[in-house]
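*Asks:* here is my input; please provide its structure:
(one chain, ligands or ions: 1)
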Amino acid sequence: MSFSLIPDYSFHSICDVSPDFLKLRGIKLLLLDLDNTLAPYGTLEPSREIADWAKSVKDAGIELFMVSNNHGETRVKAFADRFGIGFIMGANKPFASGVRKALEQLGKTEKETALAGDQIFTDVIAANSAGVTSIIVEPIKIINPLLNMRYWLEAPFRAMCPNKNKIKQRRKKA
Ligand SMILES: [Mg+2]
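*Replies:* As a prediction, this is how the structure comes out:
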């Protein structure tokens, strides 16, 4: 449990975080960021690819739970319902409180939990501060200059990830 901006693992997309990868590391609970991790800002429905990925993770016995800073109940709940998973809104990432609340609520330890998100300055800091495994993914869609600037400010920390080669890994198109 320490303050760090360096993710433990990095992937191109959340869909690259496979059930096998999680199981090998003893992860039983995967906490998920919503905006730009599961869907672009403003979207109310997950893509087919992400819905299929979520199903494969759940089928492998790994619990999914959304930890979002978003305050819009309609949107967060729509996604949670679509995936059939629980959620915390207004999670206050980069603070660890939302992550800790999820662990307490679900009865899981830090060691068996990971958090995946698209932002170093919120998701990775929150995960590292809470002592859970941190996974960074590339944002789905950068829609404005502010998001673009933040992405580039985060770039050095993404690059410092021990398995940074994964960032460039592109999935084969089905
Ligand atoms: Mg996000």
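*Asks:* got the contact list for Ala130?
*Replies:* Ala130 makes contact with Met1, Ala96, Val99, Arg100, Leu103, Glu110, Leu115 under the criterion Cβ atoms under 8 Å, 6 or more residues apart in numbering. From N, CA and C alone the C-beta is placed, and that goes for glycine too.
*Asks:* so the third one touches Val67, yeah?
*Replies:* Yes: contact between Val99 and Val67 holds when scored by Cβ atoms under 8 Å: they sit 6.1 Å apart.
*Asks:* and the contacts of Ala130, which is closest to the ion?
*Replies:* Using Cβ to the ion, Leu115 comes nearest to the ion of those, at 11.2 Å.
*Asks:* so the closest one, which state does it fall into?
*Replies:* Each residue gets one of three states, and Leu115 gets strand by DSSP: H, G, I helix; E, B strand; the rest coil.
*Asks:* show me what it bridges to in the sheet.
*Replies:* The residues listed as beta-bridge partners of Leu115 by DSSP bridges are Leu31, Ser134.
*Asks:* going forward, begin numbering at 503 instead of 1
*Replies:* Yep, numbering from 503; the last one is Leu617 now.
*Asks:* so which of the contacts of Ala632 is surrounded by the most neighbours?
*Replies:* Neighbour counts for the contacts of Ala632 peak at Leu617, which has 29 neighbours (criterion: other Cβ atoms under 10 Å).
*Asks:* can you pull the contacts of that one?
*Replies:* Contact partners of Leu617, counting by Cβ under 8 Å, 6+ apart, are 532-535, 569, 601, 625, 628-629, 632, 634-637.
*Asks:* so where's this protein shaky on pLDDT?
*Replies:* Scanning the chain for pLDDT under 70 picks out 503, 666-676.
*Asks:* and Met568, how many residues sit next to it?
*Replies:* 23.
*Asks:* name the SS class of it, please.
*Replies:* Classification of Met568 by three-state DSSP places it in strand.
*Asks:* what's around Phe659, how many residues?
*Replies:* The number of residues packed around Phe659, counting by other Cβ under 10 Å, is 18.
*Asks:* so it is in which element?
*Replies:* Take DSSP states H and E as the rule and Phe659 turns out to sit in helix 647-661.
*Asks:* may I have that helix exported as PDB, CA atoms only?
*Replies:* Extracted C-alpha coordinates of helix 647-661, given in PDB (Å, rounded to 0.1, in the frame of the first residue of the first chain):
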ATOM      1  CA  PRO A 647      -8.100  18.500 -25.900                       C
ATOM      2  CA  LEU A 648      -8.100  18.200 -22.100                       C
ATOM      3  CA  LEU A 649      -8.300  14.400 -22.300                       C
ATOM      4  CA  ASN A 650      -5.600  14.400 -24.900                       C
ATOM      5  CA  MET A 651      -3.300  16.600 -22.700                       C
ATOM      6  CA  ARG A 652      -3.900  14.400 -19.700                       C
ATOM      7  CA  TYR A 653      -3.100  11.300 -21.700                       C
ATOM      8  CA  TRP A 654       0.200  12.700 -22.700                       C
ATOM      9  CA  LEU A 655       1.000  13.800 -19.200                       C
ATOM     10  CA  GLU A 656       0.400  10.200 -18.200                       C
ATOM     11  CA  ALA A 657       2.500   8.700 -20.900                       C
ATOM     12  CA  PRO A 658       5.800   8.500 -18.900                       C
ATOM     13  CA  PHE A 659       4.100   6.500 -16.200                       C
ATOM     14  CA  ARG A 660       2.500   4.200 -18.700                       C
ATOM     15  CA  ALA A 661       5.900   3.700 -20.200                       C
END
